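Q: all I have is the shape, not the residue letters:
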Ligand code: URA
């Protein structure tokens, strides 16, 4: 797509306003400022206006405060899928960047940008996820050390990467992990003889769950939030 068209489709600028900001050198691509309105924007090239990334509107990035008893999939018929909560066109094209269990609540990211989703979930990127955990048994200082050293999960060859456990009270803690193994948080606590009663995801990379979102509510991510993943 031509650069001036890209800007019109990503912002509220008219074609002539887009041409003007291009000629002023305020638009940058991957190789720096672009002053040619006919420049062809490459797939997935990050275009910035005055240093802030702008994204084509057709690509959607959403944060949802997932409630309990909704599943991050479309196949289970016992429980409704989280896509039912997102009333947008072509919602079936949204993919979930990091699934949560049915009984886990909190920050869930959805997008139709497959590459972006991959950046969030790829094990190689080691994107941090922070959870608020409520436990059945008291969590002591020894758990902090064990998590920091790397918990060995049942049926896994290698131990987990070091995780940051921050006790908040006897049975509540924040846990930050950089992997996304199946049921990882519950299995980590099970491995030290504890049991997760409540699990809530608060943060993925630099993106924090918006406290204004009640369970079941969602909003689009800001350009800065989207860019924070790249
Ligand atoms: N770890 C879990 O055990 N469950 C989740 O839903 C997310 C992380």
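A: Yep, that arrived. Source: prediction; values computed, not measured. Numbers count the residues shown, from 1 in each chain.

Q: all helices of this structure, in order?
A: 3-10, 15-23, 114-121, 141-149, 184-191, 223-228 (DSSP state H).

Q: okay, the ones you listed in TSV with mean neighbour count and mean pLDDT next?
A: In short, each C-beta sits where N, CA and C put it, glycine included. Putting the helices of the chain into TSV (neighbours: other CB atoms under 10 Å; pLDDT from 0 to 100) gives the following:
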stretch	mean neighbour count	mean pLDDT
helix 3-10	20	86
helix 15-23	15	94
helix 114-121	16	90
helix 141-149	15	96
helix 184-191	19	98
helix 223-228	16	92
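
Q: of those, which is nearest the ligand?
A: helix 184-191 (3.5 Å; CB to the nearest ligand atom).

Q: still on that earlier bit, and the helices of the chain as CSV, adding distance to the ligand?
A: Below are the helices of the chain laid out as CSV (distance: least, CB to the nearest ligand atom, whole Å):
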stretch, distance to the ligand
helix 3-10, 33
helix 15-23, 42
helix 114-121, 12
helix 141-149, 14
helix 184-191, 3
helix 223-228, 20
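
Q: so which of those helices is nearest residue 31?
A: Residue 31 sits nearest to helix 3-10 of all those, at 12.6 Å, using CB to CB.

Q: and the helices of the chain as TSV, adding distance to residue 207?
A: Listed next are those as TSV, based on distance: least, CB to CB, whole Å:
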stretch	distance to residue 207
helix 3-10	20
helix 15-23	28
helix 114-121	9
helix 141-149	23
helix 184-191	18
helix 223-228	5
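
Q: ok, which of those helices comes nearest residue 63?
A: Going by CB to CB, the one of those nearest residue 63 is helix 223-228, 7.7 Å.
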